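J.: A predicted structure for the sequence below; I have some questions about it.
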Amino acid sequence: MVSAAVTLRPGTAPDRARTVAVEQLLVAAGQIGAGAGNLLFAIVMARLLAPAAFAHLTAFLGLFVLAGLPSTSLSAVGALAPAGSGRLDALLGRAGLAVAAALVGFSPWLARDLGLPVGVVIALAMAAPVVAPLGLQRGRLFGVGRHADLLASLLAEPVGRLTIGVLLGLGFGATGAAFGVAVAAVLALRVSYGPMAPSLPGVEGVATAGLGGTVAAFLLLAVVQTQDLLFANRLLGGAEAGRFAVLSTLGGIAAFATLTVPLVLLPRAASGQPRALPIAVGIAAAIGGTAVVVGAVAHDLLTRSLFGARYGAVAPLLAPYLLAMALLGVSRVLVAHRCARGEASSAVVVVGLVAAGQAWLIVHFAHSAAAVAGSTLSATATATAVLGGMEVAERMRWRARLAERVATAGNSVVVGLAGITAVGLAVRLVVPRGLWLDEATSVFQAKMGFSEMLTNLRTTDVHPPLYFTVLWGAVRLFGSSEMAVRLPSIVAGLALLPVLYLCGEELYDRRTGLVAAAIGSVSPLLVWYSQEARMYALFMVFAVAAVWLQARAIRRGRTLDWMLYAVVTAALVWTQYFAVLQVLVQQAAFLVVIARRQARRTLDRRVIYGWLGSAALAGLALAPLVPFAHHQFSVNQHAGRGFLAASQAGAAVSGLAHRPSVYTLAANLVWAAWGYHSDAVMAAAVALWPGLMFLGLLALGRRRRPPTTLLVAACLVPVLALFAIGMVKRDLFDVRYFSGTAALGVVLLARLMTGTARHRIGLALLSVIIVTGLVVGLVDQQTNGSNPRRYSFREATHALNRAGRDGDTVLYAPADVGPVVGYYDRGRYRLRPLSDHVARDSSRGRLFVLVSPRLLDPGEAKRIGDVLAQLRQRRRVTRVLRFDNVQVWELT
Amino acid sequence: MIEADPRLEPLRWDPAESWRASRRKLRLLAPLNVVAAIWYFTWLLRPGRVGNPILYGFLVAAEVFNLVQAAGFWWTCWGARRRRPVPSWPDPRVAVDVLIPVYNEPVGVVEPTVAAARRLGGADVTVWLLDDANRDDLAALAARHGVRYLRRPHHVGAKAGNLNHALARTTAPFVVVLDCDHVADQRLLDETLGHFVEPDVAFVQTPQYYANADQGRLASAAWSQQALFFGGIARGKDAMGSMFCCGTNVVFRREALAAVGGFPEGSLTEDFELSLRLHEQGWRSVYVPVVLARGLGPEDAASYVSQQQRWALGCLSALPAAARADLPWRLRLQYVLSGLFFLSGWTFLVYMALPAVRLLLGAQPLAGAGADQFLVHFAPYWGLSQAAVAVVGGGSYTFATFTLLIATSWIHIVASVLSLLGRTGRFVVTPKEGTGRPQPMAVAPALGAMAVLVFAAITGLARDQSPGTLNNVAFAAMHIALLGAGVWPALVPSPAAMPLPALEEVRAA
């Protein structure tokens, strides 16, 4: 282990925050200066070279950085073990020459595969023997504290590029510029050698075991930083690749600017100085954050003005990509810290997985510069989150606690939960239906620019923006295929299963948690909304998590629990406005707990402080939502739209179209428990309401426990409140709007089961019965075409795509289905809403009329019928296609 | 290893626990109950609701009966209170006779009772073992513990006759009656005698606690019924001065007993009728909600049925007397309500019969209303009624209690028929130990009802699967499930508890 072998070097300044910070800032300033020079070089070359040539140069630079990134890893080695750099230097020199020879030998093929001129590859070969020793020598300078020499080396490179590189670029295009870059690297290496630094007295030899991990970790970070550029060059067209090259060049600033921070950190971290890490993270974040702010404010200046108007399209992407690089800088610091402590292997695993994931995302989803940037952002964000989480966990000794908890829980629980989650994933991945109206509307909105989407939500929608933000990111990352747009819901629906377990375990015991997770894995409603590109899966997971965290906060009272509770509560409301009802119940629960403890004289004031603090934090987080929501509702009400919602499935069961009845209530409860089914099945299921009486009797005499009271209240209050609201606004009483309650109901059902069947065999039997019933409901829900919530817009539109010819027209009704028809449209026909005006149009092509009868209100249905009758007077119906809740007439 | 006597284990129940909270909740629920009842009955009693007139009549009668019971329950428990402890009787040497009537109970059951009675403090206690079976082992037991032993030449009048025989041979001004399985707490007299300072107090009743409640599902359910009575109901009755004597764990003023001629020997529920007579003569009763004796409840279905049959027949037989009693209307109504409880079985019969008739014959009691309308009117009333009982029960009114009541509701029907026929029955001592064997005969009527309901459900489903039929099938299934849960302890009894050891063995262990 490195850390075990390293002692605090006499030449290393003591662990004073100011000293450490000044040292970091000084080196970072040099690095930024070098970066600015390199940027200037890129800008000059962007002006001088044609886009394709500039793309070649930036690809070369990417490869140069990639080749040099082992050098960054070698810098890490040099910083950790400066004494051993001499021998390694010679070795690297020889290896570099061999690589150079190989590059030259294979240059024609490499050039073809990489899409680069052969000369550029040869220039790369020239740089090859230099980059690794350069990194090593700079690392050595970090390790021995020769910061002046280091600054000189850093600045020599841009100076060389801006002189030799520009001159050669002018003469020989991208190839010349590439050679100039290689020459500049040779100059920098020469400066790094400089006068050989004397061995510092007292410096101990460093064990080399573990240095390989350090090299690998930094190498993988380099891959994360540069592979997007290579993929973009390979996968995107010339112009788009050029645009991404601009983005990469500018984004590289943030990464480049923070490159030195982990290297300065390494020797101090290896010496066990605790303040070095927070300072390094802070500086990396500050530098990266500054870059993001600058990128956000001056994106036009940095793209259009510096690189030319043809690159202006990437301006909106600059800030996100700079953020990606800023996060990469923070990740590098965290990786360096792990390496310095001899834990490079975990860093290798994390960064390796992130790099692989990034590559997969780019290859599968990235068909534009924006998508490539999004992939990189998600990769670096993941790396930062995981590495940061590991660091926090270790600082709070979570790992030991988790290990203890897993050991206590026993393998059976872990295996059981893993199995349940696997089943849940499998069930959720089988989606037998296409998008429906609301989903298509969400996708339509998510395809807009971010600010445009927010404006659209604020002025036309009735939901808060959190889910749409997630979907917006998903569309950027993965595109807008059915699976891509449903991915956030699938992930949330899957996350719900362990959260159900945690909630059940926290409120009751492990058995209840496992049973809750098992029920949740096949619960029809939970599966349905885990597959729908809407906010309800997120709503459910936050709803359950809020109760779980509330119980944790009350029982343990840790600051972190209170904070997490506040964050989840805020997220809950940012996801679904009706979650306010649950939040109110939970706040009332806090009051009850406090009052009871006060009465029993067991009240710990920290509970009050925690409650008030969490309420304040949640309130703060929700404050921006208030004007948003107010604007939404006032605009909608003013426009006379009220709350738009799809017509109710099961309205036939309720028998009352304008006001919810007790049967509507029962139908919604059946949906919550057993999923969506045909009207006939629903009528039969609702008729079984005496079963509820039995459940009520079953609960008699059970000891009323506070968690049960909380769960019952959190379930009942939203349902009853929405039922009351439904008397005024009929469509608002819908299981979707209390789907969080449905998820909490799963925990309640699990508790009822574990409370009723106290023996293992009885519980297993009961679980089999319940789960079997749910599976039957699930299969019927997913496959029965009479399910009123299944809309075969996909099948209908695909049929039109197959049958349609240029010049055909598709008229659709109601007008709301436009987005979903548009989603599946392949551009073969003209799409228009069916209206009187269109009906009077006399087009010569065929006419297809697509109607979803269930979505029509009675007045609308009559109007559509009239229009169809008019059309029939002029045209002949040649075919009628019937799909689930969608009908298509072909008129010629 | 010798199993410990459960009567010597710590208490697990406090009849006055959180009584204020229960009363507060009841006072919140009761008005809601009234509103819900009005809501339901104004809907039910509309002329247009009559479907099949006979079935409708049965349904209304059952619902009205239950409403009366529910209203009586709310009224009783509304004013429930907990008496404050009173100072002990001024003279610690006051004489008290403790009467322990015994018939065929094992010595192992009786011995701890005798031993505990010997240790009673707060008075000059004389313990009398009243042997009604001429058993030498009981005589030996009495001798062993130094208590008085009485054996009578003619065994008439059952328990009441035995007690009257003893009353004639004892003289203390206060008399304690302890069933032979009830181990008294040393504080029994300290907690009760003080109430006799009031000269018109005839008796002080204390709770009847089943210490063997955890000896099986049936014992537990039987205890829950007791706990409900000796909790909110008894406190409410006490507040109205209508608490009746329950036959054990009770302290009498001899003068009062003498005034009514001792225990009535012609009744199966001598305690109930005795209370009625005492109240008629102006005496008062007191209930002290403190467990001061621990007994044994029925452990198997046969024992439970035997006990319930006796209580049902006794109380129903006393009902005419209660209705005619020369009492203030409140007290009279309390007695009538207590007796009427044993007619509840008829309502269960009606509720079970209605879906069966609908499924088999197509006739139904209601017309002009859909199931949704029935649900919206009935559900609040039913739910709130159950909630009120659950609140007053404080956890003692359980699913098992309810299902046991349903599964043995045939007892009420048989008892009321017998009562109408003037058959008074025979006093049978409740067995104190379970057999541990299945006892299907004890629940045979319930099994028959289940069979009828299953047949009706299958027949109905075979005929059609309309929502209306499914609704009735669901009702039938609910009753089948409730009956099934109720008969389960009789068919799959808990393992029989070990015979109770003699006290010496317990001490030795």
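T.: The structure has been received and is ready for your questions.

J.: need the contact list for the residue in the stretch 251-400 of chain B that chain A sits nearest to.
T.: Relative to chain A, the nearest point of the stretch 251-400 of chain B is residue B:398 (2.8 Å; CB to the nearest CB). (Glycine included, C-beta is placed from N, CA and C.) Each residue near residue B:398 by CB atoms under 8 Å, 6 or more residues apart in numbering or on different chains is listed here: A:700-702, B:220-221, B:224.

J.: looking at the residues you listed, which has the most residues close by?
T.: Per-residue neighbour counts (other CB atoms under 10 Å in any protein chain shown) across those peak at residue B:221, which has 27 neighbours.

J.: pLDDT at whichever residue of the stretch 151-300 of chain B sits closest to chain A, what is it?
T.: Nearest residue of the stretch 151-300 of chain B to chain A: residue B:224, at 6.8 Å (CB to the nearest CB). What the model reports as pLDDT for residue B:224 is 89.

J.: I'd like to know how many residues surround the closest residue to it other than its chain neighbours.
T.: In this structure, residue B:224 finds its nearest non-sequential neighbour in residue B:401, 4.0 Å apart by CB to CB, 6 or more residues apart in numbering or on different chains. Neighbour count of residue B:401, defined by other CB under 10 Å: 24.

J.: My understanding was that residue B:401 contacts residue B:219; is that so?
T.: No: assessed by CB atoms under 8 Å, residue B:401 is found out of contact with residue B:219, at 11.8 Å.

J.: Pull up the residues of the stretch 301-450 of chain B that are close to chain A.
T.: Residues of the stretch 301-450 of chain B lying close to chain A (CB under 8 Å from any CB of the partner chain) are B:371-372, B:375-376, B:379, B:382-383, B:386, B:390, B:393, B:395-403.

J.: same thing but at 6 Å, please
T.: By the rule CB under 6 Å from any CB of the partner chain, the part of the stretch 301-450 of chain B lying against chain A is B:372, B:375-376, B:390, B:395, B:397-399, B:402.

J.: With distance to residue A:677 and secondary structure as extra columns, can I get the residues you listed in CSV?
T.: CSV is the format used below for those (distance: CB to CB, whole Å; DSSP: H, G, I helix; E, B strand; the rest coil):
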residue, distance to residue A:677, secondary structure
B:372, 18, helix
B:375, 20, helix
B:376, 23, helix
B:390, 33, helix
B:395, 38, coil
B:397, 36, coil
B:398, 34, coil
B:399, 30, helix
B:402, 32, helix
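
J.: Including distance to residue A:132 and pLDDT, could those go into JSON lines?
T.: Shown next, in JSON lines, are those (distance: CB to CB, whole Å; pLDDT from 0 to 100):
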{"residue": "B:372", "distance to residue A:132": "80", "pLDDT": "76"}
{"residue": "B:375", "distance to residue A:132": "80", "pLDDT": "85"}
{"residue": "B:376", "distance to residue A:132": "81", "pLDDT": "85"}
{"residue": "B:390", "distance to residue A:132": "79", "pLDDT": "86"}
{"residue": "B:395", "distance to residue A:132": "76", "pLDDT": "78"}
{"residue": "B:397", "distance to residue A:132": "82", "pLDDT": "83"}
{"residue": "B:398", "distance to residue A:132": "78", "pLDDT": "88"}
{"residue": "B:399", "distance to residue A:132": "77", "pLDDT": "90"}
{"residue": "B:402", "distance to residue A:132": "82", "pLDDT": "92"}
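
J.: give me every residue that touches residue 65.
T.: The chain I'm using is chain A. For residue A:65, the contact set (CB atoms under 6 Å, 6 or more residues apart in numbering or on different chains) comprises residue A:226.

J.: looking at chain B here, not the other one
T.: Per CB under 6 Å, 6+ apart, neighbours of residue B:65: residue B:347.

J.: can you tell me how far it sits from residue B:322?
T.: For residue B:65, the distance to residue B:322 equals 17 Å [CB to CB, to the nearest Å].

J.: right, and residue B:43 touches residue B:379 too?
T.: No: taking CB atoms under 6 Å as the definition, residue B:43 is not a contact partner of residue B:379, at 11.8 Å.

J.: Please tell me I have it right and the residue of the stretch 151-300 of chain B closest to chain A contacts residue B:395.
T.: No: counting by CB under 6 Å, residue B:224 stays clear of residue B:395, with 8.7 Å between them.

J.: gap between residue A:43 and chain B?
T.: When distance is defined by CB to the nearest CB, to the nearest Å, residue A:43 is 74 Å away from chain B.

J.: Surely residue B:125 is within a strand?
T.: Yes: counting by DSSP: H, G, I helix; E, B strand; the rest coil, residue B:125 is located in a strand.

J.: what about the closest residue to it other than its chain neighbours, neighbour count?
T.: Leaving out its chain neighbours, the residue that sits closest to residue B:125 by CB to CB, 6+ apart is residue B:96, at 5.2 Å. Residue crowding around residue B:96 was assessed by other CB under 10 Å; the count is 24.

J.: Which residues outside stretch B:66-81 are in contact with it?
T.: B:23, B:26, B:30, B:37, B:232-233, B:235-236, B:239, B:337, B:347, B:385, B:392.

J.: what is the rounded mean pLDDT of that stretch?
T.: 90.

J.: Flag the shaky bits of the stretch 51-200 of chain A, pLDDT-wise.
T.: A:66, A:68-70, A:84-85, A:194-200 (pLDDT under 70).

J.: Looking at it, which residue is nearest chain B?
T.: Closest contact between the stretch 51-200 of chain A and chain B, by CB to the nearest CB, is at residue A:76 (66.0 Å).

J.: check which helix or strand covers that residue.
T.: Assigned by DSSP states H and E, residue A:76 belongs to helix A:51-80.

J.: List the buried residues for the very next helix or strand once past that helix?
T.: Note on helix A:51-80: by DSSP H and E, the next helix or strand toward the C-terminus is helix A:85-114. Judged by neighbour count (16 or more other CB atoms under 10 Å in any protein chain shown), helix A:85-114 contains these buried residues: A:85, A:88-89, A:92-93, A:96, A:99-100, A:103-104, A:107, A:110-111, A:114.

J.: Can you list the residue ranges for strands in chain B?
T.: According to DSSP state E, chain B carries its strands in the segments B:95-102, B:124-131, B:148-151, B:174-177, B:183-184, B:201-205, B:209-210, B:250-253, B:284-287, B:293-295.

J.: who does the first one touch, helix- and strand-wise?
T.: Right, the one you point to is strand B:95-102. Where contact means 3 or more CB pairs under 6 Å, 6 or more residues apart in numbering or on different chains; DSSP states H and E, strand B:95-102 is packed against helix B:107-118, strand B:124-131, helix B:158-167, strand B:174-177.

J.: That one to strand B:124-131, inter-axis angle?
T.: Strand B:95-102 runs at 20 degrees relative to strand B:124-131, counting by axes from the mean of the first three to the mean of the last three CA atoms, to 10 degrees.

J.: Export strand B:95-102 to PDB, keeping only CA atoms.
T.: Coordinates of each C-alpha in strand B:95-102 appear next as PDB, following Å, rounded to 0.1, in the frame of the first residue of the first chain:
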ATOM      1  CA  ALA B  95     -65.700 -10.600  59.800                       C
ATOM      2  CA  VAL B  96     -66.000 -11.800  56.200                       C
ATOM      3  CA  ASP B  97     -67.000 -15.200  55.000                       C
ATOM      4  CA  VAL B  98     -65.400 -16.400  51.800                       C
ATOM      5  CA  LEU B  99     -67.600 -18.900  50.000                       C
ATOM      6  CA  ILE B 100     -66.000 -21.200  47.400                       C
ATOM      7  CA  PRO B 101     -68.600 -23.500  45.800                       C
ATOM      8  CA  VAL B 102     -67.100 -26.600  44.300                       C
END
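
J.: Just the angle for it relative to helix B:158-167, thanks.
T.: If you take the same axes, to 10 degrees, strand B:95-102 sits at 150 degrees to helix B:158-167.

J.: Each with direction, which strands does strand B:95-102 pair with?
T.: Paired with strand B:95-102 in the same sheet, following DSSP bridges, are strand B:124-131 (parallel), strand B:174-177 (parallel).
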